[in-house]
Structures are given as C-alpha cells and as structure tokens.
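# what's the 3D shape of this:
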Amino acid sequence: MYLAANLKYLRKKSGKTQDAISSAVKIGRTTIANYESGISEPNVETLMVFANYFSVSLDDLLSKNLEDVIKSGEKDLVLRGAFAQQPITGYSGMPKVITVDNSGNDNILYVPVKARAGYLNGYGDVEFIESLPTFRLPGLSNATYRMFEVDGPSMAPNVLHGDRIIGEWVESLNDIRDNRVYVVVHEGGVAVKRVVNRLKERGKLYLKSDTIAHRHEFPTLEIDPADVKEVWYGRMKISSDFSEPAEVYHRLADLETDMMEMKQKMKDGDSL
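Numbering: from 1, shown residues only. As a prediction, the model looks like this:
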C-alpha cells in the first residue's frame, strides 16, 4: 500500500505544509505527520477526506505510486487528479505547476530574462515549466519558491538589472503587504515591483518602481486583481554587483580616517 508516500507526495506537490493541510481538512498536524511516516493509518472516513481534498480516487490513493504515475504521464489520472492543468482564468491559491525532486521536495524553478515572455503564457504548461532550470537552497523549505531574473533599471539602486529575486508563493492577494518587493505575473507581463495593496479600499493593486533617475520611464501601474496570475513575495536577492559606494560614502570614509588621524596626533601629543 502506497498511502503514506502518496499523502506526502500529494501535499508537497500541492505546495502545502502539514499545518496548511491540517487547517484545510480539520485533522491535527501531528496526526498527518504520522500518516505520512506510516506510523498510523486513517480510517475509511478520513481516507475519503484526503481523496476528496486531493481530487484522486480512493483506489489510486491506496494502491498506486502516484509519483511514478504522474511522471509516466498516465493521462486518465492526470486529467482527473490533483495535478490536472486548470484553466488559466485568474488568481488561484497555488501555482498551476510545481516540480519536485526524487525525495518529493519542491524544486525552485529559475525563470531567466529570455524565458519571461514565454513564462507569461506558459506558467501553467507542464512541458514549459519542466524546460526551466531547477535547484534547491538550504533554508528555503515548507513553501513553494521561484527565482526570476530582473530586467531593466526600474528597481535600482535596491534591485539591479541582472539580479535574481527568489520569491515565495503568495496564497491570497489579500496577504500582500504594502511596499514590499514582489514578482507579479499579470496580463501585461512579469513585473518586479513594490506593491501597494488597495484591494479593500479600491479593488486595485499598485505596482511601484524604486528608481529615481528613470522615474518618468516607469510610472506606477494600477492592476486589476482579475488580471493577476501569480504573485511571489521577494524573500532573497542574489546579485553579482560589487559596485563601489556612492560619493557620500567616500566622503564619510575620508572624514572617519581624518578623525582617526587627528585623535592619534592628539594622543601622541599628550604622551610627549
């Protein structure tokens, strides 16, 4: 019987933590952990709860290795199961496609600049997503992450052209916090911006740029939530930029050096 492995695989592929599943199906997190590890087994009623939640048949849940089935492309299960490609009609509580490693852990997908145009149309396409590079990083677990390469100067000097933003999946647009950096996939493209959440007041999201020098090129965007496909909260920035400090920092450094020299001279004079 494949129940324990299937429960763990289904949960991870859906991008959910044990706490999230516990809240959704009203079963204790420790109990779910025990089911996933094979320490205990659910009764028939609980099995039906899991089968309904993940949209798989009870027979598939118990008797098939779902990870192998999905990877082999068994269409009858894929089309009716938890991983069927959903119509791309708006924002949902989880990414359309998630990839996992051999241990059932979520991979971090990398979306380089050259793939961003394709990503806007292919974020829900299994073949396109599987064509993107994947990797894992320590410290990033219990959530679904994706990395996007930044294009252009709109977020300079805080986020530069060529930097890479690792974003954590945002389950609800209402969770968006003001003035934080997000990657927003919407009808107009893939944007790395600071977001102002005015859904309750005006039913809109506002995407702002950090740049001062290019402010006229990057006006604030007003986005209708119906046009939003994905939102990723910026958790980490990877940058190869080692620019020298701005002129003000040079002046401060020189001033600090002068002060140190003056203090040393005064100290030397006192010791004479």
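# what about the strands in the stretch 101-250 of the chain?
108-111, 134-135, 145-149, 164-169, 180-186, 189-198, 204-208, 221-223, 228-238 (DSSP state E, counting those that start in this stretch).
# List the neighbouring strands of the longest one plus their orientation.
By that I understand strand 228-238. strand 164-169 (antiparallel), strand 180-186 (antiparallel) (DSSP bridges).
# Tell me how far the first one lies from the chain's centre.
Put plainly, it is strand 164-169. Mean-position distance between strand 164-169 and its chain equals 5 Å (C-alpha atoms, centre = their mean, to the nearest Å).
# export it as CSV, just CAs?
C-alpha atoms of strand 164-169 as CSV (Å, rounded to 0.1, in the frame of the first residue of the first chain):
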residue,chain,number,x,y,z
ARG,A,164,17.8,37.4,-9.2
ILE,A,165,14.8,37.5,-6.9
ILE,A,166,13.7,34.4,-5.1
GLY,A,167,10.0,34.7,-4.4
GLU,A,168,7.7,32.7,-2.1
TRP,A,169,4.3,31.9,-3.4
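# Take the strands paired with strand 228-238 and lay them out in JSON lines including mean neighbour count, mean pLDDT and distance to residue 129.
For glycine as for every other residue, the C-beta is placed from the backbone atoms N, C-alpha and C. Shown next, in JSON lines, are the strands paired with strand 228-238 (neighbours: other C-beta atoms under 10 Å; pLDDT from 0 to 100; distance: least, C-beta to C-beta, whole Å):
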{"stretch": "strand 164-169", "mean neighbour count": "20", "mean pLDDT": "96", "distance to residue 129": "14"}
{"stretch": "strand 180-186", "mean neighbour count": "21", "mean pLDDT": "96", "distance to residue 129": "13"}
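# what is the rounded mean pLDDT of stretch 226-234?
Mean per-residue pLDDT for stretch 226-234: 94.
# Same check on stretch 97-108?
Rounded mean pLDDT across stretch 97-108 is 77.
# Span of it from start to end?
One end of stretch 97-108 to the other measures 12 Å (C-alpha to C-alpha, to the nearest Å).
# OK, contacts around residue 11?
Residues near residue 11 by C-beta atoms under 8 Å, 6 or more residues apart in numbering: 17-18, 21, 32, 36.
# quick check, distance from the stretch of helix or strand it belongs to to the centre of its chain.
Element membership of residue 11, judged by DSSP states H and E, is helix 3-13. Helix 3-13 sits 21 Å away from the centroid of its parent chain (C-alpha atoms, centre = their mean).
# Check the gap between residue 181 and residue 38 for me.
41 Å (C-beta to C-beta, to the nearest Å).
# what's the answer for residue 45, then?
From residue 45 to residue 38 the distance is 20 Å (C-beta to C-beta).
# Report the buried residues of stretch 196-213.
196-197, 205-211 (16 or more other C-beta atoms under 10 Å).
# Kindly report the same for stretch 51-63.
In stretch 51-63, counting by 16+ other C-beta under 10 Å, buried: 51, 53-54, 56, 60-61.
# Sitting in helices, which of the contacts of residue 11 do you find?
Those of the contacts of residue 11 mapping onto helices are 18, 21, 32, 36, per DSSP state H.
# Following the record's annotation, map out the domains of this structure.
Following automatic domain parsing, the chain resolves into domains at 3-80, 108-238.
# all helices of the stretch 1-150 of the chain, in order?
3-13, 18-25, 29-37, 44-54, 58-63, 66-72, 75-80, 113-122, 126-130 (DSSP state H, counting those that start in this stretch).
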